[in-house]
Each structure stands twice: as structure tokens, then as C-alpha cells.
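J.: show me the folded form of this:
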Amino acid sequence: MKYVIIGSSAAGINAIRELRKYDKEGEIILVSKDEHIYSRCILHQYLAGERTLERLNFAEPDFDKVYNVKWMRGREAIGLRPADHILVLDGNEELGYDKLLVATGSHTFIPPIKGLSEADNYIGFRNIDDIEVLKEVPKYAKNIIVLGSGLIGIDCATGYLHMGVKVTLVDFAGWLLNRQLDERAAKTYIDAFKENGVDQYYGVGVNEVHVDDNHKIYEIVLSDGTVLPCDYFIVTAGVRSNVEFLKDSGLELSRFGLVYNEFGQTSDPDVYGAGDVSGQSPIWPVAVKEGMVAAANMAGHREKMTDFFASKSTMSFLGIHTMSLGIVTPPDDTYRVDTYDKNGVYKKVVSKDGVITGALLQGDLAYGGVLQQMIARKIDVRKVKKPLFEIDYSDFFHERANLEFAYEL
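T.: Numbers count the residues shown, from 1 in each chain. Below you'll find the model as predicted:
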């Protein structure tokens, strides 16, 4: 069997590991634009000088040798002919395959802001090449504006905190990390960033940028009319899936990206997908699991994504630890919300018809283990007799007469 994997990030690398569990002899070829394996989740630590390129690597030393992989570094897929089982690479090189995994991820979306196309002092924050540019920015720029306050935007702002520059966050959303946090949990981070000198503007967009005769942005204009000085503009507000090379392939694409089912299979039975390329799952744990599920099925072992919570995130910014799970802001009043908010610890559980649909933990993540038990055992929170946040592990181990342990509250 000949397997071809496109992409050397979370989904692709973990797919290769999984493939080797099931197929010790098959040929595996990894195609990647990147020359190195690195975690995009901690690029801000590379920006801040806290990690070297080697310490961004999440794979084993000599990964390609350990898993007997032919790694085609610095190569780009430019086309696909599924009917012929041919992947076309730059230079029009044709690469055959039996099973193909598309794990090409995504790229920064540059919005059509007035004046931006005339400038050359702006960039995205997505890959190692971006960071190499951004590491040089503090040498000549003092006012840095970051558009977007999602995980990538916060990573970027954090990386610059102690580099002698003024960082400003701008986001159309009402608060930072609005996909992961509710307004209460977000305020903890907003206050902490303010204390660290980061100005923040929420609920506004960027209407235009003003550019000088040297093609340099020197100020931006927000949608409410506010004018901010700017020496460098970093866009983190959105991404687009890397599916351009699939446009003429006949594979089913949505407006977000590549379409594949719970087995990782696309509209072609020999082509699979995993990770950001779907445009649906922009977080690391989901990409890892999707890569593993796709690989198992490529090797003939039937597995599927069964995670109830695809949107699980853990984060730690400015020493504040947070876990976000599922729906943290209920869309209507049919949901039940339980909260605990004392002494810098915030806990929130969202449920509907007794089933937990989301949760937030901030300041102390110890309750996460109990929460996991309740979700795994499908416990109806309406039937819990004691206060929800007073449950501990002992509640799950009541011994019955037959010496079995059972959940009992």
C-alpha cells in the first residue's frame, strides 16, 4: 500500500504515527511546504524568544527515520486527479498513491480593508516564516496593532508583551476569545492584558489604513472613527482552508473547505481529510484525532470521530489557566446554567434536558476531572442531589453488595 500525506502539522504527523501502528511495511510519503515540524500553538513563544525552533518540534527526533517515511520537504501540491490516483506537485511532478490524506491546514485571510493593498508593513500570524519576519519588527516599529483577538491574536499579543513595543488589540467581537469564553471569563484576561499595557478595542472593525509615500501604514481608522497610530499591522482575524489545489479535482468542497465524514473520508473513497482543511475544526486536539481516525480507515481499520465536544480548548495566558468545552454561551433560555465565582475561581456548566453541553473552568482546572466523569457517564445533572460544584471523585465510587463500584449522588 502506498500512502501519501499532505501536511506536516498536527493532523498529518499523527496520521503517520497511526498508519505505522496498522501497516508496518506500507510506503508512506509526506509532502509539506514546511521544512520543519513545529507546533503552531506555541509560535508566540518562538516570537518571544522563549523557545528555539527545535523546541517547537512536537515529533520525535529523526521522525522520518523512526516511521520510515519519505519526506518531500518544501514541496507544494498544485493539483489532484483522483480518478488516476495522481497528486500533482510544483514543477508539475506527478506522485501516485493508493490512499491520500489531505491535511494542508489553512492560511491567514487578509480582509479587503481600504488602503491595505498599498501597504507592505502588514502580515499574518500563521507559520514559521511569518514569525521570522515578526521577530524583526520591534527593531523598527513601536506601535503594533493586532487585528483579531482569537487564540492566534492573543498568542501574537502575548509574544510581544516584553519586547518594548506598544500592542493594541482590535476585534469586531464583543470580547476576546469570544468563541471559547463567555463575557465573564473574558474579562479576567481583558483586565490582565490591560495591566500589561495592551490597549483593547472590541465591537469595532478596521475601516481603512493610511499609508505614506513609502507604502508604510502609519495609522488605522476604526469603524467608530477612532484613529490609532500604527507602525506594523498584524492580521489574525480569520483563516481560509488550503484547498485551492482541489478546485478542479471533483472532490466535494463547502464554502469553508474540504468535506469529509466521521471516518475522514471525502467524496472519493481513496482520499481522506483531517484538521484545519475542513474549515470547521481550528483547534489542535481535534486535528490530532481526525488525523488518527483518517489514518486508521486508510489502513482498513474502521474508526470514526465520536467526540461529543469538538470545541475543547485549554489555554494559559499571563498565568491564568482556562478550559473551555462546548457551548459556553447558551443561545436561548432553554438551557440551564450553573456557576461558581469566588476568589479568582470561575466555574460554569451549561446543560440542556439534563445533558451537559458546555463548561468553563478558570483559575482552577481541578474540577475538570469530575466534569469528565459526569460527561463520560452521561449523568443527568437534574438528578444530582448535592450542589453541582461540590461533587468530587468519591461520589463515583460507591461499592455495591456485589463489590462493583457505581455512581451515586
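
J.: surely residue 37 is in a helix?
T.: No - remark: residue 37 does not belong to a helix; assigned using DSSP: H, G, I helix; E, B strand; the rest coil, it is coil.

J.: which non-adjacent residue is nearest the residue nearest to the spatial centre of the chain?
T.: Nearest to the mean C-alpha position of the chain, by C-alpha atoms, centre = their mean, lies residue 283 at 2.6 Å. Excluding the flanking residues, the one nearest residue 283 by C-beta to C-beta, 6 or more residues apart in numbering is residue 313, at 5.7 Å. Glycine gets a C-beta too; all of them are placed from N, C-alpha and C.

J.: check which helix or strand that neighbour maps to.
T.: Element membership for residue 313, per DSSP states H and E: strand 312-317.

J.: now that strand: mean pLDDT?
T.: Averaged over strand 312-317, pLDDT sits at 87.

J.: then stretch 349-362?
T.: 94.

J.: residues touching the strand holding residue 313, excluding its own?
T.: Applying C-beta atoms under 8 Å, 6 or more residues apart in numbering, the set of residues contacting strand 312-317 from outside is 151, 154, 158, 177, 180, 189, 192, 283, 285-286, 321-326, 365.

J.: at 6 Å what do you get?
T.: 154, 158, 180, 283, 322, 323, 324, 325 (C-beta atoms under 6 Å, 6 or more residues apart in numbering).

J.: in the sheet, who's paired with the last one?
T.: For residue 325, the beta-bridge assignment (DSSP bridges) gives partners residue 312, residue 359.

J.: use 34 as the first number from now on
T.: In the new count, where the first residue is 34, that last one comes out as residue 358.

J.: pretty sure it contacts residue 390?
T.: No - using C-beta atoms under 6 Å, residue 358 makes no contact with residue 390, being 9.0 Å away.

J.: more neighbours, those two?
T.: For the pair residue 358 and residue 390, the greater number of neighbours falls to residue 358 (25 against 19), based on other C-beta atoms under 10 Å.

J.: would you check how far apart that one and residue 185 are?
T.: Applying C-beta to C-beta, to the nearest Å, the value for residue 358 to residue 185 is 20 Å.

J.: now residue 95
T.: 30 Å.

J.: what bits of the stretch 334-442 of the chain have low per-residue confidence?
T.: Filtered on pLDDT under 70, the stretch 334-442 of the chain yields the residue ranges 340-344, 429-442.

J.: ok, which stretches of it are helices?
T.: Applying DSSP state H, counting those that start in this stretch to the stretch 334-442 of the chain gives helices spanning 401-409.
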